[in-house]
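A.B. asks: here is a sequence together with a model predicted from it:
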Amino acid sequence: MMNAKKTLSIIAGAGALALAACSGPQEENLRMVPLTAPTTMPMTSYGPNTRVVVAGVDYTEVHDEWMNQDIMKKATPGNTRVVISRGSQRGQLMVGDEVAMDFPVCLGTASLRTPVGHFRITEKAVHHVSNLYDASMPYFMRLTDSGIGMHVGPVFQTPQSHGCIRMTRSSCVPLFKTVKVGTPVTIVR
C-alpha cells in the first residue's frame, strides 16, 4: 500500500480549522481539528475537550471523535471499560463513570453480525493478521476465541466488517495504549 502524508491549515479567525498530519495507508483517516488556542500552538497540543472530525481519504463518510485529556490522565488498568453500540455505530472508553473517549466504529454486516454481550480483552497485538481473511488488523484487541476484536480499519456509517469492530487509527491507538488484557468490553444493541 501507498503511504500518504498531508498537512493543511485553514485559518479563519478564532474558529480556525486545521487538517492534522496523517501518515499511513491511503484508506487511513485524516483528522480535522478545531483549534481552541492561538494558531501558534503546535498541532499536537489539543485542548482537553478537542472535537475531532474524521473524514476518509477514499470515501465521503464523516464522523466525530472526542477525547477528554483530563479524564484520560485518570485512566488506570483497573478503572477502564469499553462500551460499543451496534445501533449507533459508536464506542466509548469509560474511566469509572466518565466518558474519556467517544468514537465511530464500523461493525459487522447483517450476515456477519458483531455479537452483543459482555467480553474481556484476551489478547493485544500491534501487528496482527487475520488467519481467516489474511488481512492486516493493526492494534488488534481480541474479544472472542472466534477472532472478533477491535482494530484499525476503514470506518463507514453502515455495518461493513466481518464481525470485528473497526476503528480509526486516531481513536484505536490511544484506546490500545490505555486498555489492558482483561479490560471489560460491553457490546449493546
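C.D. replies: Good, I have the coordinates.
A.B. asks: switch to C-alpha atoms for all contacts and neighbour counts from now on
C.D. replies: OK.
A.B. asks: if Met150 is in a bridge, with which residues?
C.D. replies: Beta bridges link Met150 to Met141, Ile165, judged by DSSP bridges.
A.B. asks: run a quick neighbour tally on it.
C.D. replies: 26 (other C-alpha atoms under 10 Å).
A.B. asks: pull up the gap between it and Ala100, please.
C.D. replies: Using C-alpha to C-alpha, to the nearest Å, one gets 17 Å for the distance from Met150 to Ala100.
A.B. asks: now do the strands in this structure.
C.D. replies: Secondary structure of the chain (DSSP state E): strands at 3-10, 17-25, 29-34, 51-56, 62-67, 80-85, 90-95, 98-106, 117-120, 123-125, 140-142, 149-152, 165-167, 184-188.
A.B. asks: just give me the neighbour total for the closest residue to Arg90 other than its chain neighbours.
C.D. replies: Distance criterion C-alpha to C-alpha, 6 or more residues apart in numbering; nearest residue to Arg90, sequence neighbours excluded, is Pro104 at 4.5 Å. Neighbourhood size, Pro104 [other C-alpha under 10 Å]: 26.
A.B. asks: so what's Pro104 up against?
C.D. replies: Going by C-alpha atoms under 8 Å, 6 or more residues apart in numbering, Pro104 touches 63-65, 89-91, 155, 157, 167-168.
A.B. asks: isn't Leu175 right up against Leu93?
C.D. replies: Yes: the criterion here is C-alpha atoms under 8 Å, and Leu175 meets it with Leu93 at 7.4 Å.
A.B. asks: which of those two has more neighbours?
C.D. replies: More crowded of Leu175 and Leu93, by other C-alpha under 10 Å: Leu93, with 25 against 22.
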